[in-house]
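# okay, predicted coordinates and the sequence, questions at the end:
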Amino acid sequence: MLIDLHTHSYPKSDDSFVGVDDCIDRAKDLGLDGICLTDHDDFWPLDAVQALSRRHDFLVLPGSEINTDAGHILVFGLERYVFGLHRPAFLRQSVDRCRGAMVAAHPYRRRFLAEPGREPQARAEMLERAAADNFFSLCDAIEGVNGRGLPAENDFSRDLGAALNLASTGGSDAHRLEQLGTVATRFERPVRGLADLIREIKAGRFRPEVLNGAGRRANPAGS
């Protein structure tokens, strides 16, 4: 199954330029099998997401992109925002209580600089520092391919995931309709609901897949 794990809709994400119905319709037209609504520090009620799924006859799953002191995390399983979620350790405890899952979003941010990163030694040092960051040890997976990331940034993310022995997801991070259909996550087993998604993320049975902007694989090698 091909699911975009990282999307944003307006008005829940005030930096998004796409309504949720348009987002779902576009993902469906592109041939994706589902999307996750991961708006910034906000949560879609499960009954609202289920209503969207029924109306569009399409898999829609709830999540959130939480802004923490150490970086952004895609969270699946939590149902509401409470004070303290900006602290990674507190967020992990909260997610564990609801048996959810956490994915480090665009992990290259704050940790990779493109210009010094052209030099192998400088890149290796940035990768070593990032791998030693306890922030990532709290996550179940890492976003290895972000649709809005540059190739060098996504390469760094994938290498970081390999160094940490964390499986890599893919997400468009779409804030506009044209950004959908660029990146998604290929799951090895069926995902029919939130519980399935959390189980498969924690099991690591998936891989990122780079698409051609029309919901199809860009090349045989995938990501």
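On my side now, so go ahead.
# next secondary structure after the helix or strand bottoming out on mean pLDDT in the chain?
Here the helix or strand of the chain ranked lowest by mean pLDDT, DSSP states H and E is helix 114-117, holding a mean of 91. The helix or strand immediately downstream of helix 114-117 is helix 120-131, counting by DSSP states H and E.
# pLDDT at the residue of the chain positioned farthest from its centre, what is it?
Going by Cα atoms, centre = their mean, the residue of the chain most distant from its centre is residue 121, 28.9 Å out. Listed pLDDT for residue 121 reads 97.
# strands along this structure, start to end?
Remark: strands assigned in the chain by DSSP state E are 2-7, 34-37, 59-62, 64-68, 71-76, 101-104, 141-146, 168-171, 183-187, 206-210.
# tell me which strands the fifth one pairs with, and in which orientation.
Same thing as strand 71-76. Sheet partners assigned to strand 71-76 using DSSP bridges are listed as strand 64-68 (antiparallel), strand 101-104 (antiparallel).
# what residues sit buried inside it?
Buried residues in strand 71-76, counted by 16 or more other Cβ atoms under 10 Å: 71-76. Heads up, the C-betas are built off the backbone N, CA and C, glycines and all.
# about what we covered before: would you tell me which one of the strands of the chain is buried the most?
With neighbours defined as mean count of other Cβ atoms under 10 Å, the strands of the chain peak in mean count at strand 168-171, which reaches a mean of 29.
# can I get that one in PDB, CA atoms only?
Provided in PDB are the C-alpha atoms of strand 168-171 (Å, rounded to 0.1, in the frame of the first residue of the first chain):
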ATOM      1  CA  SER A 168      12.800   5.400   6.700                       C
ATOM      2  CA  THR A 169       9.400   6.700   5.700                       C
ATOM      3  CA  GLY A 170       8.500   9.000   2.900                       C
ATOM      4  CA  GLY A 171       6.000  11.900   2.900                       C
END
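# mind giving me the packing neighbours of that strand?
strand 2-7, strand 141-146, helix 151-164, strand 183-187, strand 206-210 (3 or more Cβ pairs under 8 Å, 6 or more residues apart in numbering; DSSP states H and E).
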